[in-house]
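Show me the folded form of this:
(chains A and B)
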Protein chains: 2
Amino acid sequence: MASVKAERAARTRQKLLLAAAEVFDEAGYEQAAVTQIVERAGFTLGALYFHFGSKQGVAKALMNAQSMTIEPHLQSTGLQRLVDITLVWADRVRRDPILRAGVRLAIEQGSHGMNDATSFEEWRELMRGHLEVARDSGELRDGVCPDRLARFVVGACTGIQVYSNLATEHTDLMERVCDMWGLLLPSVASEAVAHGILVGPVRVPRT
Amino acid sequence: MASVKAERAARTRQKLLLAAAEVFDEAGYEQAAVTQIVERAGFTLGALYFHFGSKQGVAKALMNAQSMTIEPHLQSTGLQRLVDITLVWADRVRRDPILRAGVRLAIEQGSHGMNDATSFEEWRELMRGHLEVARDSGELRDGVCPDRLARFVVGACTGIQVYSNLATEHTDLMERVCDMWGLLLPSVASEAVAHGILVGPVRVPRT
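Take a look at the predicted model:
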């Protein structure tokens, strides 16, 4: 019984997140009302406050939901996993409303009175984990620090997305992320794996 | 006589920009009023409308004033110039109000109803120019495209700044930009110059 209840709660939370992503996208964060969000999701205000506490709480949950929309689609490990994460992210950010809202809120949060690096630190930690596997498998060049490389990739992808969105509405985001790996891999991948790492839209699973 | 007038106009414009940067910084873009800006600068509303047309016009001018606060301090050329631009930018962004406001407005503009890639494209063009000099002097590895590298550096610095600001209020921005060059130079600099390119706060002129 407990698991049925937990599953229902998880579904409610997910529906609220999706409705919030759509409302933030259409109305902008400032203009969006929590009543609109719960109406669209088909729940009560109580459900929203139970799951997220406040409108800012929903926004933070959206910022932190990014990796959940990407990791489950991937099988690779080590350095290839890191590359794949960024390619799937570049592909999904255009069409997954939860991911799109999360990315936008993380960037513009300063103008909404928020100042929260959590989503960035969570990406960094996740990427560092994959890079430690890469290092332990001899995939990284000597002297490449998994944590600093992870920190750089999180920052670089953030800004590439901002620029691509303003310049081409994300049309060239995949190309820009591939360029990043073209520039980074010769410096970070050990010679043994450098030519085996695949980069390109072909790495994005079709779901 | 004409040049005295032009000089006075340039000084007025600069004072208005500085006042706008401070008011946007204190009140946030949405809450900032043009009347506050002109009062602080000691001019009339007419002067602001003459120079910038509107509040959004001032914001755009701030976004596009970034390179003006950096280029005049530099003497280097080619790849070293590109490195120096990013180091001086990392140093100044914490304490030059016009630069800080410009960077923040460029990032958060979506939430203010703006959608203008001009400041990014101007940085890219400026950097591409220095990279073409670098390529023509044999400083770049074969196959490194000045325009794509410029596009990547603009995007990467943008995101590094966002992440550093949220995580440490820019305290580690210089370190993060140095990390970027540590990762990029081995891939992009030709062997002849790779060890001659200097990276670090020592490259920032004290003014």
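
list the helices and strands the one helix or strand A:Leu166 maps to packs on?
Taking DSSP states H and E as the criterion, A:Leu166 maps to helix A:146-168. When contacts are defined as 3 or more C-beta pairs under 8 Å, 6 or more residues apart in numbering or on different chains; DSSP states H and E, helix A:146-168 sits against helix A:78-92, helix A:97-108, helix A:118-136, helix A:173-188, helix B:118-136, helix B:146-168, helix B:173-188. For the C-beta atoms, the positions are set from N, CA and C on the backbone; glycine is no exception.

Tell me how far the residue nearest the centre of chain A lies from B:Val162.
Chain A has A:Gln66 as the residue nearest its centroid, 3.2 Å off, counting by C-alpha atoms, centre = their mean. Shown here: A:Gln66 relative to B:Val162, a distance of 15 Å by C-beta to C-beta, to the nearest Å.

can I assume A:Ala59 sits in a helix?
Yes: counting by DSSP: H, G, I helix; E, B strand; the rest coil, A:Ala59 is located in a helix.

Now it. Nearest residue, chain neighbours left out?
In this structure, A:Ala59 finds its nearest non-sequential neighbour in A:Leu105, 5.1 Å apart by C-beta to C-beta, 6 or more residues apart in numbering or on different chains.

Does that neighbour touch A:Tyr29 like I think?
Yes: if you go by C-beta atoms under 8 Å, A:Leu105 and A:Tyr29 touch, sitting 6.7 Å apart.

which one is A:Thr12 nearest to, not counting chain neighbours?
Closest residue to A:Thr12 apart from its sequence neighbours, by C-beta to C-beta, 6+ apart: A:Ala47 at 5.9 Å.

What residue in chain A comes nearest to chain B?
Across chain A, the shortest distance to chain B (C-beta to the nearest C-beta) belongs to A:Gly159, at 2.6 Å.

So for the closest residue to that residue other than its chain neighbours, what's the pLDDT?
Once flanking residues are discounted, A:Gly159 sits nearest to B:Gly159: 2.6 Å by C-beta to C-beta, 6+ apart. Confidence at B:Gly159, expressed as pLDDT, is 97.

Likewise for A:Ala2?
pLDDT, A:Ala2: 66.

buried sites along stretch A:128-136?
By 16 or more other C-beta atoms under 10 Å in any protein chain shown, the buried positions in stretch A:128-136 come out as A:Arg128, A:His130, A:Leu131, A:Val133, A:Ala134, A:Arg135.

The first one reaches A:Cys145, doesn't it?
To tie it back to what came earlier, the one meant is A:Arg128. No: using C-beta under 8 Å, A:Arg128 makes no contact with A:Cys145, being 9.3 Å away.

what's the angle from the longest helix along chain A to helix A:97-108?
The residue-count maximum for a helix in chain A (DSSP state H) belongs to helix A:2-27. Per axes from the mean of the first three to the mean of the last three C-alpha atoms, to 10 degrees, the angle that helix A:2-27 makes with helix A:97-108 is 60 degrees.

Please state the offset of the helix or strand that helix A:2-27 is followed by from the chain centre?
Next helix or strand after helix A:2-27 toward the C-terminus (DSSP H and E): helix A:34-41. With C-alpha atoms, centre = their mean, to the nearest Å as the basis, helix A:34-41 stands 24 Å off its chain's centre.

buried stuff in helix A:34-41?
A:Val34, A:Gln36, A:Ile37, A:Val38, A:Arg40, A:Ala41.
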